[in-house]
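J.: Below are the sequence and a predicted model for it; my questions follow.
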Amino acid sequence: MKRRKKPQSKPKMAVFKFASCDGCQLSLLDLEDELLEIAGQVDIAYFREATSKQAEGPFDISLADGSITTPHDIERIREVRQRSRYLVSLGACATAGGIQALRNFKDVSEFRSLVYAKPEYIETLATSTGFADHVPVDFELRGCPINKRQLLEVISAFLAGRKPSISSHSVCVECKLRGNVCIMVTGTPCLGPVTHAGCGALCPTYRRGCYGCYGPMETPNTPSLAHALKAAGVSETDLVRLYRTFNANAPEFRKESQAHER
Ligand code: SF4
Ligand code: SF4
């Protein structure tokens, strides 16, 4: 009798959320047709936003957005790491602490008493940080939110056992590829020269300065850009604000904003 081949089990994928607005998970759901194809190739074993299935793991690939803001988050990200063969951080929160990392520059206990009627019940950390500050991460995908095409590339790469092909150049390169006239020339401050590519130069295409939502590119020359921006009339206070938005705690942006703080 001919022996039947045992069906190969699909790789298990999980999607986790920490402190975030859910925008990066929505980018995954926004893949629509491609998501159906992904669902055909993987077992989506944990994804609270999309399914009631809640497997325990272990998982072949875990995608997670959000930042670490509570002691419980630290325990959870360690557990997720233990249960995952590959861990991918999604977006500005998971890679650099997100906009909530603005707390890292102030006294969080002051905010707590202003925001909550009973601050004594709130257990929070003094900082908001990305996953890599707590556990080893296999890949960091930047953006606020992430670009869904880049996400598709990351998932496909891990499923195929290869390195994701994500360019690490600046937004300026994307701007040039679109044939945009540089808005810095007309006096609009732009963080494009130091910001990681991925959005297709969305803001400059509409004549708006990039505010760095994809975080720092590889080896950004932030002092040089700050020098050019100052020469164009940007004040020290505005330089601090420019570098303190969605990726304020990314080391290169943090260092540059602190250099202009009085
Ligand atoms: S507009 Fe901004 S992103 Fe585009 S080339 Fe100029 S500095 Fe770079
Ligand atoms: S141009 Fe800059 S701020 Fe605008 S979407 Fe792209 S990375 Fe974000």
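T.: Okay, I see it. Predicted, not measured: the structure shown is a model, and the values here were computed from it. Residues are numbered from 1 along each chain as shown. Ligands and ions are numbered 1, 2, ... in the order given.
J.: any weak-confidence spans in the stretch 1-150 of the chain?
T.: For the stretch 1-150 of the chain, applying pLDDT under 70 flags the ranges 1-8.
J.: what does the protein put close to ligand 2?
T.: With C-beta under 6 Å from any ligand atom as the criterion, the chain meets ligand 2 at residues 171, 195, 199, 201-204, 210-214. For every residue, glycine as well, the C-beta is placed using N, CA and C.
J.: Throw these into TSV and include secondary structure and neighbour count, thanks.
T.: Formatted as TSV, these follow (DSSP: H, G, I helix; E, B strand; the rest coil; neighbours: other C-beta atoms under 10 Å):
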residue	secondary structure	neighbour count
V171	helix	27
T195	strand	28
C199	coil	22
A201	coil	23
L202	helix	17
C203	helix	21
P204	helix	23
C210	coil	27
Y211	coil	18
G212	coil	29
C213	coil	23
Y214	coil	29
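J.: just those residues that are near ligand 1?
T.: 171, 201, 204, 210.
J.: Can I get the residues you listed in CSV including pLDDT?
T.: Formatted as CSV, those follow (pLDDT from 0 to 100):
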residue, pLDDT
V171, 97
A201, 97
P204, 97
C210, 97
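J.: which one among the residues you listed gets closest to C21?
T.: C210 (20.2 Å; C-beta to C-beta).
J.: Just give the closest residue to the closest one, not the sequence neighbours.
T.: Nearest in space to C210, with sequence neighbours left out and distances taken as C-beta to C-beta, 6 or more residues apart in numbering, is G192 at 4.3 Å.
J.: Surely that neighbour touches K176?
T.: No. G192 is beyond contact range of K176, at 10.0 Å (criterion: C-beta atoms under 8 Å).
J.: between these two, who's got more neighbours?
T.: Counted by other C-beta atoms under 10 Å, G192 and K176 do not tie: G192 has more neighbours, with 27 against 13.
J.: Find me the pLDDT at the more buried one, would you?
T.: pLDDT, G192: 98.
J.: give me every residue that touches it.
T.: Applying C-beta atoms under 8 Å, 6 or more residues apart in numbering, we find G192 in contact with 170-172, 175, 184, 201, 204, 209-210.
J.: Could you identify the pair within those that is furthest apart?
T.: Pairwise distances across the contacts of G192 peak at 13.7 Å for S170 and G209 (criterion: C-beta to C-beta).
J.: who has more neighbours, the two?
T.: Legend: neighbour count by other C-beta under 10 Å for S170 and G209, higher for S170 (25 against 17).
J.: Reduced to three states, what does A14 come out as?
T.: strand (DSSP: H, G, I helix; E, B strand; the rest coil).
J.: Surely it is in contact with G57?
T.: Yes. Using C-beta under 8 Å, A14 is in contact with G57, at 6.7 Å.
J.: which residue packs closest to S113, ignoring adjacent ones?
T.: Sequence neighbours aside, P119 is the residue nearest to S113 in space, at 4.7 Å (criterion: C-beta to C-beta, 6+ apart).
J.: Can you tell me how far the closest residue to ligand 1 within the chain is from G130?
T.: Here the chain gets closest to ligand 1 at one residue, G192, 2.1 Å apart by C-beta to the nearest ligand atom. Computed as C-beta to C-beta, to the nearest Å, the G192 to G130 distance reads 22 Å.
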